[in-house]
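Undergrad: Structure here, sequence nowhere to be found:
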């Protein structure tokens, strides 16, 4: 779940004048990543993530944080007696998704935040904590679930099977692909699973970030069927998000790219009428939708 602060490494290649102008625009506007995805156009139409239930599996969040207008529930699944985030990871992720501070806007400020504290202050977690938390997420009927975490342990079968159960219940799971690039075969679990939307990171030159993990899945070599991963990429360098108690900061990594995309998903989900949401919304329907959104976004820049 590690990511680095204020990374300054960018890759450059020969670009046309229009591409250079766009790159300059990105460099000027990158602090507000929401504008790069056209979120403000949906806000003007009244879509702000309202009545979307967003589960954030991370290090928790403070109940009175000024950047959030709709923290619906906080639960602690660790052996520590606190619901608060003392590391800043969970707060930052939540801010990218649903923060409303003018300096570090989130994508869907009216999204209902359900903060699942599954990591201790020492960044320790156990499969059993995740299994219990996943069961609760199913029981309270979450719409979207973000995991800005990952690891190589695809042999943890109880965890993998519970992820399948999550997606079978029409919960859209978005997960960071990992920060183990640039080598191939470095995908993290659960983002490498077919039912999960695995998110990689790009920089503001639209190159895959050097830290971003990439396929194929090591547990499928040499007899795998070679599915393409990550499913989607999002900006993951120098993204603005919320600090633990107040204020904003910049962070980089696929742990950042994942909530960027999870915020986009929350906006898309809020467009679907609530009474038809579970009928329409599932991982199979969301994947082609996000591919179309990314294609439109890329064409818009040219």
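TA: That came in fine, so what should we check first? Computed from a predicted model, the values in this text were never measured in an experiment. Residues are numbered from 1 along each chain as shown.
Undergrad: Count residues in the vicinity of residue 38, would you?
TA: Here the count is done by other C-beta atoms under 10 Å, and residue 38 has 15 residues near it. All C-beta spots, glycine's among them, are computed from the backbone N, C-alpha and C.
Undergrad: Just want to check the distance between it and residue 179.
TA: 27 Å (C-beta to C-beta, to the nearest Å).
Undergrad: What helices and strands are in contact with the helix or strand where residue 198 lies?
TA: Per DSSP states H and E, residue 198 falls inside strand 197-202. Judged by 3 or more C-beta pairs under 8 Å, 6 or more residues apart in numbering; DSSP states H and E, the packing partners of strand 197-202 are strand 172-176, strand 232-235, helix 254-271, helix 283-301.
Undergrad: Could you single out the most deeply buried of these?
TA: strand 172-176 (a mean of 29; mean count of other C-beta atoms under 10 Å).
Undergrad: what pairs with it, and is each one parallel or antiparallel?
TA: strand 144-147 (parallel), strand 197-202 (parallel) (DSSP bridges).
Undergrad: Save the ones you listed as TSV, and put in mean neighbour count, distance to residue 231 and mean pLDDT too.
TA: Output for these, formatted as TSV (neighbours: other C-beta atoms under 10 Å; distance: least, C-beta to C-beta, whole Å; pLDDT from 0 to 100):
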stretch	mean neighbour count	distance to residue 231	mean pLDDT
strand 144-147	28	14	96
strand 197-202	27	5	93
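Undergrad: Can you redo the ones you listed as a markdown table, where the extra columns are distance to residue 134?
TA: Below are those laid out as a markdown table (distance: least, C-beta to C-beta, whole Å):
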| stretch | distance to residue 134 |
| --- | --- |
| strand 144-147 | 8 |
| strand 197-202 | 16 |
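Undergrad: right, and those strands - which one's nearest residue 173?
TA: Smallest distance to residue 173 across these (C-beta to C-beta): 4.9 Å, for strand 144-147.
Undergrad: Can you tell me what sits against the closest one?
TA: Contact with strand 144-147 is made by 52-58, 93, 97, 137, 166, 171-176, 190-191, 258-259, 262, 265-266, 269, as judged by C-beta atoms under 8 Å, 6 or more residues apart in numbering.
Undergrad: looking at the helices and strands packed on strand 197-202, which is closest to residue 68?
TA: Using C-beta to C-beta, the helices and strands packed on strand 197-202 put helix 254-271 closest to residue 68, at 12.9 Å.
Undergrad: For whichever helix or strand comes after that closest one, which outside residues touch it?
TA: Toward the C-terminal end, the helix or strand that comes next after helix 254-271 (DSSP H and E) is helix 277-280. By C-beta under 8 Å, 6+ apart, the surrounding residues in contact with helix 277-280 are 141, 143, 170, 269, 272.
Undergrad: which two in those residues are spaced the farthest apart?
TA: 141 and 272 (14.5 Å).
Undergrad: So between those two, which is more surrounded?
TA: Shown here are residue 141 and residue 272; by other C-beta under 10 Å, residue 272 has more neighbours (16 against 12).
Undergrad: I figured that one hits residue 281, correct?
TA: Yes: between residue 272 and residue 281 there is a contact at 6.2 Å, judged by C-beta atoms under 8 Å.
Undergrad: picking up where we left off before, now the weakest link among the helices and strands packed on strand 197-202, please, by mean pLDDT.
TA: The minimum mean pLDDT among these belongs to helix 283-301 (a mean of 60).
Undergrad: would you say residue 121 is within a strand?
TA: No: counting by DSSP: H, G, I helix; E, B strand; the rest coil, residue 121 is not part of a strand but coil.
Undergrad: tally of neighbours for the residue lying closest to it once chain neighbours are set aside?
TA: Of all residues not flanking residue 121 in the chain, residue 86 sits nearest, at 4.9 Å (C-beta to C-beta, 6 or more residues apart in numbering). By other C-beta under 10 Å, the residues close to residue 86 number 15.
Undergrad: Can you report phi and psi for residue 86?
TA: For residue 86, the backbone dihedrals are phi -110, psi 0 (criterion: degrees, to the nearest 10).
Undergrad: Quick check, it in contact with residue 122.
TA: No: between residue 86 and residue 122 there is no contact under C-beta under 8 Å: 10.1 Å.
Undergrad: Pull up the distance across stretch 178-186, start to finish.
TA: End-to-end distance for stretch 178-186, by C-alpha to C-alpha, to the nearest Å: 8 Å.
Undergrad: Identify the residues contacting it?
TA: Contacts of stretch 178-186 (C-beta under 8 Å, 6+ apart): 2-3, 150, 187-188, 191, 208-218, 221, 253-255.
Undergrad: can you rerun that using 6 Å?
TA: 150, 188, 210-214, 218, 253-254 (C-beta atoms under 6 Å, 6 or more residues apart in numbering).
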